[in-house]
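In: have a look at this fold, sequence not included:
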């Protein structure tokens, strides 16, 4: 630890080094967070100069807002499938591109590509694929699965979002798994092979337990991204058809900025925050336990 | 034994090839169709283009104000990232070297704030900086940069903090003995050592800010067309009822292109940076 002798100099350096970051951090995150709590007790349309106090009314309204809970359930369902599929596909790809074949670096680079492009633009690309290319394919080959646009059907539109998310994040989680797999010591794998362990046994008894830390990271990241999904939702389906694919983030956005109900929107935003916090805390808690056992 | 290994290899290649097609066919379709007429796009989206209509690109560039938006995106991203790196590095350095109760509690606050998702504070942000202070109306781009710094600082300070702890004190002590002040010590001695960490944070932040959509939508909503970033500028082609693909697809391609070109040259750094940044 280094410390200045003069008090004035110490305070001066404190302000110089930490002042800008702390000030902006407080202004952009902490103040809005606290003000957000305050807002939930008022009714405001975002324009008028008066903001009447309504007490717990907004929270009561949250529980009566059926559309909101529908969006929360849809988000949970989406997160469930997305987390499993993203991690499954990513782990499979990671094991293949670390198998020591020629060109594995090329494949890693390729699978990572969607992560360079934002969810919005990815959604636009796939909107074209689902809307035009798939339908055209369905008409030409008489495939009933693709004969009508997936984005026009509420169940298929949901799966379209899941597919695009898997496509978007699998490469990202893959590189994290690759980093983990590289750290699996080669000698214990070789030793077990000589001892007669087959590939399945090696995977289950040695590689998977050693990969638990990687899984903690990837599941945490995909959970967080899944719960907060907005861009792909917006560019692929805009919440449609008939609001059937409106996820929680989009619902909150619409509540505040389209229905001009800021207080209720913010109360719902906080409920969403608690759902996400609960999910991630539970995930970290249970996976840490798993790590100890392994 | 030999044949089994060969068989296994064939399987690996087969699965990888199929996945590769799944990952790249949307990009290929984009490339093919960007050069067709609207009628061709709708009739036969999966065929190769028969004529190359580069005019599509010209129309898209003009209508979305491509170069203007590209510059805006570039300016906002680079200004935000440089300032995030500058402020966070200094702060993390000071937090590590001056462990006071105040500094520890600020560090703790920053780290815990990382669990707050953007969506749970976007409404108060718009209320404070829009209606109450009027920043969003007066200075949309600077406000946006200001916010990116606020959102970027916690993770950057966290990553820098972890690294600076491992930097030996002796170097700095020697510099201080030689008459360097804190400021000089940081910029001449510490910052150069932090270079790999800065690259990691920089890559993470560039990818995030360049592609960000929700925050710019909220902050630049009232800004003129000439102030928009790429993800916002492309909205002119995308309406709920009809999409003019002839301009829309070239526009999408034009947005993707700069990033892919950078990726082609810096792929190793980017993948490394993202991995390093996520594991921490």
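Out: Received, thanks. Everything numeric in this text was worked out from a predicted model, so none of it was measured.
In: what residues are up against the spatially most central residue of chain B?
Out: Centroid-nearest residue in chain B: residue B:207, 2.1 Å away (criterion: C-alpha atoms, centre = their mean). Contact analysis of residue B:207 by C-beta atoms under 8 Å, 6 or more residues apart in numbering or on different chains lists A:115-116, B:270, B:274. All C-beta spots, glycine's among them, are computed from the backbone N, C-alpha and C.
In: next helix or strand past the strand or helix carrying it?
Out: According to DSSP states H and E, residue B:207 maps onto helix B:195-211. Using DSSP H and E, the helix or strand that follows helix B:195-211 in sequence is helix B:214-219.
In: for that next one, name the packing helices and strands.
Out: Under the contact criterion of 3 or more C-beta pairs under 8 Å, 6 or more residues apart in numbering or on different chains; DSSP states H and E, helix B:214-219 touches helix B:122-126, helix B:140-164, helix B:230-233.
In: of those, which is nearest residue B:189?
Out: Checking the helices and strands packed on helix B:214-219 against residue B:189 by C-beta to C-beta gives helix B:140-164 as the closest, at 11.7 Å.
In: can you give me the helices for the stretch 51-200 of chain B?
Out: B:55-64, B:66-97, B:101-113, B:122-126, B:135-138, B:140-164, B:169-177, B:182-184, B:191-193, B:195-211 (DSSP state H, counting those that start in this stretch).
In: buried ones in the longest one, by neighbour count?
Out: Neighbour-count burial for helix B:66-97, counted by 16 or more other C-beta atoms under 10 Å in any protein chain shown, picks out B:66, B:69-70, B:72-73, B:76-77, B:79-81, B:83-97.
In: thinking again about what came up before, most packed of the helices and strands packed on helix B:214-219?
Out: helix B:122-126 (a mean of 26; mean count of other C-beta atoms under 10 Å in any protein chain shown).
In: re earlier: list the buried residues for the helix holding residue B:207?
Out: Neighbour-count burial for helix B:195-211 [16+ other C-beta under 10 Å]: B:197-211.
In: looking at those residues, spot the one nearest residue A:93.
Out: residue B:207 (20.0 Å).
In: quick check, pLDDT for that closest one.
Out: pLDDT for residue B:207: 89.
In: the spatially most central residue of chain A and residue A:282: what is the separation?
Out: Centroid-nearest residue in chain A, with C-alpha atoms, centre = their mean: residue A:225, separated by 1.0 Å. For residue A:225, the distance to residue A:282 equals 17 Å [C-beta to C-beta, to the nearest Å].
In: among the contacts of residue B:207, which ones are in helices?
Out: B:270, B:274 (DSSP state H).
In: centre of the chain to stretch B:156-174, how far?
Out: From the chain centre to the centre of stretch B:156-174 is a distance of 26 Å (C-alpha atoms, centre = their mean, to the nearest Å).
In: is any residue of that stretch near chain A?
Out: Yes - against chain A, stretch B:156-174 shows contacts by C-beta under 8 Å from any C-beta of the partner chain at B:157, B:169, B:172-173.
In: what about that stretch, how long is it end to end?
Out: Stretch B:156-174 has an end-to-end distance of 27 Å (criterion: C-alpha to C-alpha, to the nearest Å).
In: show me what residue of the stretch 151-294 of chain A gets nearest to chain B.
Out: residue A:273 (4.0 Å; C-beta to the nearest C-beta).
In: nearest residue to that residue other than its sequence neighbours?
Out: Using C-beta to C-beta, 6 or more residues apart in numbering or on different chains and skipping the chain neighbours, the partner closest in space to residue A:273 is residue B:120 (4.0 Å).
In: contacting residues around that neighbour?
Out: Neighbour list for residue B:120: A:33, A:36, A:269-270, A:272-273 [criterion: C-beta under 8 Å, 6+ apart].
In: what about the helices in the stretch 151-294 of chain A?
Out: Along the stretch 151-294 of chain A, counting by DSSP H, counting those that start in this stretch, helices occupy A:154-182, A:186-194, A:199-202, A:208-210, A:212-227, A:231-236, A:248-257, A:262-293.
In: what's the angle from the fifth one to helix A:262-293?
Out: So the one you mean is helix A:212-227. Angle between the axes of helix A:212-227 and helix A:262-293 is 170 degrees (criterion: axes from the mean of the first three to the mean of the last three C-alpha atoms, to 10 degrees).
In: quick check: buried residues in helix A:212-227?
Out: A:212-227.
In: residue ranges with poor pLDDT in the chain?
Out: Picking chain A for this. Residue ranges of chain A with pLDDT under 70: A:1-5, A:291-294.
In: I was thinking of chain B, sorry if that wasn't clear
Out: B:1-2, B:239-243, B:280.
In: so how far is residue A:26 from whichever residue of the stretch 1-150 of chain B sits closest to chain A?
Out: Residue of the stretch 1-150 of chain B nearest chain A, by C-beta to the nearest C-beta: residue B:150 (2.4 Å). Separation of residue B:150 from residue A:26 (C-beta to C-beta): 8 Å.
In: please apply the same query to residue A:271.
Out: Distance from residue A:271 to residue A:26, by C-beta to C-beta: 25 Å.
In: give me phi/psi at the residue of the stretch 101-250 of chain A found nearest chain B?
Out: The stretch 101-250 of chain A approaches chain B most closely through residue A:118 (2.7 Å), counting by C-beta to the nearest C-beta. Phi and psi for residue A:118, reported as degrees, to the nearest 10, are phi -60, psi 160.
In: got a list of what it touches?
Out: By C-beta under 8 Å, 6+ apart, the neighbours of residue A:118 are A:231, B:210-213, B:231.
In: near chain B, which residues of the stretch 51-200 of chain A?
Out: Residues of the stretch 51-200 of chain A that fall close to chain B, judged by C-beta under 8 Å from any C-beta: A:89, A:92-93, A:96-97, A:99, A:101, A:107-121, A:124-126, A:128-129, A:132-133, A:136-137, A:167, A:171-172, A:175-176, A:178-179.
In: now, of the residues you listed, which are buried?
Out: A:89, A:93, A:96-97, A:107-121, A:124-126, A:128-129, A:132-133, A:136-137, A:167, A:171-172, A:175-176, A:178-179.
In: in strands only, show me the residues you listed.
Out: Among those, no member is found in strands (DSSP state E).
In: quick revisit: which of the residues of stretch B:156-174 next to chain A has the most neighbours?
Out: Neighbour counts for those peak at residue B:157, which has 28 neighbours (criterion: other C-beta atoms under 10 Å in any protein chain shown).
In: skip the chain neighbours and tell me the closest residue to residue A:163.
Out: In space, residue A:163 is closest to residue A:126, 7.9 Å off (C-beta to C-beta, 6+ apart).
In: any idea how far the one you found is from residue B:231?
Out: Relative to residue B:231, and taking C-beta to C-beta, residue A:126 is found at 16 Å.
In: residue B:35 too?
Out: 23 Å.
In: what does residue B:23 give?
Out: Here the criterion is C-beta to C-beta. By it, residue B:23 lies 22 Å from residue B:231.
In: just residue B:198 next, same as before
Out: 26 Å.
In: adding distance to residue B:27 as columns, could you present the contacts of residue B:207 in CSV?
Out: Putting these into CSV (distance: C-beta to C-beta, whole Å) gives the following:
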residue, distance to residue B:27
A:115, 14
A:116, 11
B:270, 17
B:274, 20
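In: return the distance of stretch B:260-269 from the chain's centre.
Out: Mean C-alpha position of stretch B:260-269 versus that of the full chain (C-alpha atoms, centre = their mean) differs by 14 Å.
In: and what of stretch A:248-262?
Out: The answer for stretch A:248-262 is 20 Å, by C-alpha atoms, centre = their mean.
In: tell me which residues are up against that stretch.
Out: Contacts for stretch A:248-262 (C-beta under 8 Å, 6+ apart): A:39, A:43-47, A:67-68, A:71-72, A:74-75, A:227-230, A:233-234, A:239, A:246, A:264-266, A:268-269, A:272, A:275, B:119, B:122-123, B:126-127, B:214, B:218.
In: and residue B:252, what element?
Out: Assigned by DSSP H and E, residue B:252 falls in helix B:245-279.
In: mind listing what's buried in that helix?
Out: B:245-256, B:259, B:263, B:267, B:270-278.
In: how about stretch A:175-194?
Out: Under the neighbour-count criterion of 16+ other C-beta under 10 Å, stretch A:175-194 has A:175-181, A:192 buried.
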